[in-house]
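based on what follows, work out the 3D shape:
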Amino acid sequence: MMPERADRGTESADRSGDERRTDILLLLAVLAGIAAVAYADKLVVTISLGYLYVLPLSLAALVFPLPVVMTLVAICVALHDWLGPFVHSGWQMLYRNLLTLFGFTTVVFFVHRLAEQSRGLTRQVRAQRDELAAELRRAAEVQQRLLPRAAPDIPGFEFAGMMSPAKQLGGDYYDYIQLLKGKVGLVIADVSGKGTEAALFMPSIEVALRMDASVSLRTDEILSTVNKVLYELANQTRYVTIFYAKLDPASRILQYTNAGHPPPLILRASADPVWLVEGGPIVGMLPDAVFEVSSVTLEPGDVVVLYTDGVVEAQSADGEFYSTERLASVARANRGMAAQELVSAIYRSVVAFTSSRELQDDLTLMVLKVAAK
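Numbers count the residues shown, from 1 in each chain. Here you go, the predicted structure:
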């Protein structure tokens, strides 16, 4: 924490130094403008150019405190009286100078007042922006607490996951749900859109899933219930893609339903990837959507990779997609890693592919590894 505060202090000192240099340059510009008007006022003997002093004085009123500006006003009045094309005489000279002083002062006060109002509005906008940023940071912290803090500890299996939002808040979600008889639920979901609206909708997915998680229902039955709940909440304005699975560690059977989500893949030692596609439509758009259930028996050494479209649809600088083929290739090349290391390796591969740490979409990964015999 100390280095961070020191860095902030250095940045503040740098800004103060820049502001002082800017003020000096502006003051020199104002003085140069006054000198130029004074020189022109002296050269032209037929008419008075004193009104041109308003230009540098207006600039000064925009940026400098009022006492400084009034000092410049007095200098301009004196220069106009000294160099202007007027014949000096007693009360006429006094009247002319008072009128000039009044005119310059009126303009200066008007411009200075506008500048103060503008600065006040700017401060207000900055305060509101900072307050909003603080609220978003707190919301992001709450959202992170909704994600699992630890993976299930089941002998013979490894679990890992991560969610990296494109903005401060994300619309992706993943979780592990403890079920009856030692089973575990695996869920990964993607709310349509990204940012604050998607993030606010995300907790409803967790609530809807966990309502029936403790009941021995099939994955298709659970998603049917979730679909009805989200349909009522979203009112057809937002949809969710969900992959929900139940793992029975004793039999290694993975029962699943894929509701419009990018199909997870199973990597096996000597076979092409198995894509988990069976399920049904997206969730939250059709009140009577029908979902199907499927199952697969995991083999020793299998690696299951779940992901959102922020992975496979990440784009390179020339517009190429990361693609499911590249995902399968990277996962296979690193399948010997621990589950968390594999998640990190895929994430680094996506970031390297896009040549940017600024993600275009939320990115979420889950990995399930079955221990080899």
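
how many residues are close by residue 352?
Look at residue 352: counted by other CB atoms under 10 Å, it has 10 neighbours. Heads up, the C-betas are built off the backbone N, CA and C, glycines and all.

repeat that for residue 49.
By the criterion of other CB under 10 Å, residue 49 has 18 neighbours.

who's in contact with the closest residue to it other than its chain neighbours?
Spatial nearest neighbour of residue 49, chain neighbours left out: residue 41 (4.5 Å); criterion: CB to CB, 6 or more residues apart in numbering. For residue 41, the contacting residues are 48, 49, 50, 52, 79, 80, 83, 84, 85, by CB atoms under 8 Å, 6 or more residues apart in numbering.

so, low pLDDT: which residues of the protein?
1-17, 45, 86-90, 136, 139-146, 168-169, 193-200, 212-216, 235-237, 357 (pLDDT under 70).

now do the helices in it.
2-43, 54-63, 66-83, 90-146, 196-211, 219-234, 309-312, 323-333, 339-354 (DSSP state H).

what sits against residue 81?
Residues in contact with residue 81 (CB under 8 Å, 6+ apart) are 88, 93, 96, 97, 100.

ah, wrong one, I meant residue 154
182, 184, 249.

for the second one, give me its contacts.
If a contact means CB under 8 Å, 6+ apart, then residue 184 has 152, 154, 176, 177, 178, 246, 247, 249 as its contacts.

repeat the analysis, applying 6 Å as the threshold.
Listed by CB atoms under 6 Å, 6 or more residues apart in numbering, the contact set of residue 184 reads 152, 176, 247.

excluding its own residues, what touches stretch 330-339? List them.
With contacts defined as CB under 6 Å, 6+ apart, stretch 330-339 is touched by 158, 160, 267, 303, 305, 342, 345, 346, 349, 367, 369.

quick check, nearest of these to residue 326?
residue 349 (7.7 Å; CB to CB).

ok, and the closest non-adjacent residue to the closest one?
Closest to residue 349 by CB to CB, 6+ apart is residue 330, at 4.7 Å.

could you measure that neighbour against residue 371, distance?
For residue 330, the distance to residue 371 (CB to CB, to the nearest Å) stands at 22 Å.

can you report how many residues lie near residue 232?
Using other CB under 10 Å, the number of residues around residue 232 comes to 10.

and for residue 84?
The number of residues packed near residue 84 is 19, by other CB under 10 Å.

surely it and residue 48 touch.
Yes - contact status for residue 84 versus residue 48: in contact at 5.2 Å, counting by CB atoms under 6 Å.

okay, and the common contacts of these two?
Counting by CB under 6 Å, 6+ apart, nothing touches both residue 84 and residue 48.

can you tell me how far the residue nearest to the spatial centre of the chain sits from residue 362?
Centroid-nearest residue in the chain, with CA atoms, centre = their mean: residue 167, separated by 3.0 Å. The gap separating residue 167 from residue 362 is 8 Å, by CB to CB.

test my guess that residue 58 contacts residue 111.
Yes - between residue 58 and residue 111 there is a contact at 4.8 Å, judged by CB under 6 Å.

and residue 330 and residue 371? which has more neighbours close in?
residue 330 (19 against 11).

and residue 298, backbone torsions?
Dihedral pair for residue 298: phi -80, psi 140, per degrees, to the nearest 10.

pull the number of nearby residues for it.
Neighbourhood size, residue 298 [other CB under 10 Å]: 22.

do the one 3 residues further on as well
Burial measure for residue 301: 15 neighbouring residues, criterion other CB under 10 Å.

separation between it and residue 253?
Relative to residue 253, and taking CB to CB, residue 301 is found at 16 Å.

which one of the contacts of residue 154 is nearest residue 317?
Closest to residue 317, out of all of those and judged by CB to CB, is residue 184, at 39.8 Å.

ok, what's across the strand from that closest one?
residue 178, residue 247 (DSSP bridges).

how many neighbours does the nearest residue to residue 277 once chain neighbours are set aside have?
The shortest distance from residue 277 to any non-neighbouring residue, by CB to CB, 6+ apart, is to residue 263 (4.4 Å). The tally of other residues near residue 263 (other CB under 10 Å) stands at 17.

and residue 263, its phi and psi?
phi -70, psi 120.

quick check: it touching residue 273?
No - between residue 263 and residue 273 there is no contact under CB under 6 Å: 9.6 Å.

how is this protein divided into domains?
17-140, 147-370 (automatic domain parsing).

most tightly surrounded among these?
Across those, averaging neighbours per residue (mean count of other CB atoms under 10 Å) puts domain 147-370 on top, at a mean of 18.

and that one, how far apart are its ends?
End-to-end distance for domain 147-370: 23 Å, by CA to CA, to the nearest Å.

with stretch 252-268 instead?
OK, stretch 252-268 end separation, CA to CA: 14 Å.

stretch 175-186 now?
First residue to last in stretch 175-186 (CA to CA) measures 6 Å.

tell me which two of the contacts of residue 81 sit farthest apart.
Of all pairs in the contacts of residue 81, the most separated under CB to CB is 88 and 100 at 13.9 Å.
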